[in-house]
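*Asks:* Pasted the sequence and its predicted model underneath.
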Amino acid sequence: ANVVMPSRDVLNDFIATGTQIPSGSLPETNGELTMEDLVLSPTINPFGTVDAAGIYWLDAGGAAVRISHCRLDATLAIRNATIIKVKGGINWSYPLTPGAILVSDSDIRFDEIEATLNEVDRATNFNPIASPYRLNAANSNTTDIYPTELRGVIYTSGNVRVNPMTNDAPLRLTGAIACQNLRVWGHLSITHLDELISDPAVGLSDPTPMRFIRGTQRRIPSP
């Protein structure tokens, strides 16, 4: 009850500035639109035109969305999903400047998250030349292993649930979660992202400056 959500529509703000991923371009598995075994970044978009800012959006049309075994250097805005499930090995960071990684109006569930994203297990190169890992590590093989990590802000007008990881370790997020209700059934570690404190992301901050009102301050003697 103490969390005041922004008055504007944050999801629409990101949709207005991003590049659409057509829902028809995603494979459907067991009734879920699926993003799996892929890289999404400002230079790679398996579903169409790349967005130089790394902001992509999807209208799920009432279907569930599953994101698993992916490396994402992108902001993903998803609307009209029955639920968003994040599973498997996930290496997800904001694209260019510190900000949101996932923005939605749906419930989000982190379930069966694995400790690593393993190229051997997934037979996928997650650091291709077109999109190097951490901007400088790229190759053409499929033998690398990446830690599961989340860097950025997760925002939804719905709820967020964190289920236990497969190794029962804490899911690590460097950033913040903004939601209606956060339920943690496993372990969750949240570390603040310094850049978000000194330079809040556009779309996630209130541009109206705060001001003191006469009578709301008083001076008291030191103990």
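*Replies:* Great, that's in hand.
*Asks:* after the longest helix along the chain comes which helix or strand?
*Replies:* Determined from DSSP state H, the single longest helix within the chain is helix 10-17. Going down the chain from helix 10-17, the next helix or strand is strand 19-20, by DSSP states H and E.
*Asks:* Parallel or antiparallel, list what pairs with that next one.
*Replies:* strand 55-59 (parallel) (DSSP bridges).
*Asks:* Could I get the buried residue list for whatever helix or strand comes next after the strand it pairs with?
*Replies:* Later in the chain than strand 55-59, the nearest helix or strand by DSSP H and E is strand 64-73. By neighbour count with 16 or more other CB atoms under 10 Å, strand 64-73 contains the buried residues 64-73. To be clear about C-beta, it is placed using only N, CA and C from the backbone, and glycine gets the same treatment.
*Asks:* Check which helix or strand Leu196 maps to.
*Replies:* In this structure, Leu196 sits in helix 194-198 according to DSSP H and E.
*Asks:* Could you tell me the average pLDDT over stretch 112-130, please?
*Replies:* Mean pLDDT, computed over stretch 112-130, is 96.
*Asks:* what's it in contact with?
*Replies:* Identification of contacts with stretch 112-130 by CB atoms under 8 Å, 6 or more residues apart in numbering yields 37-39, 43-44, 69-71, 86-91, 133, 137-148, 163, 165-167, 169, 171.
*Asks:* Which among these count as buried?
*Replies:* Among those, those that count as buried by neighbour count (16+ other CB under 10 Å) are 37-39, 43-44, 69-71, 86-91, 133, 144, 146, 148, 163, 165-166, 171.
*Asks:* Select the helix or strand of the protein having the lowest average pLDDT value.
*Replies:* None of the helices or strands of the chain scores lower by mean pLDDT, DSSP states H and E than helix 194-198, at a mean of 77.
*Asks:* buried residues in it?
*Replies:* Buried residues in helix 194-198, counted by 16+ other CB under 10 Å: Leu196.
*Asks:* Send me that helix as CSV with only the CA atoms.
*Replies:* Output of helix 194-198 as CSV, limited to C-alpha atoms (Å, rounded to 0.1, in the frame of the first residue of the first chain):
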residue,chain,number,x,y,z
ASP,A,194,24.1,2.6,-8.6
GLU,A,195,23.3,4.2,-11.9
LEU,A,196,19.6,4.0,-11.3
ILE,A,197,20.0,6.0,-8.1
SER,A,198,22.2,8.8,-9.6
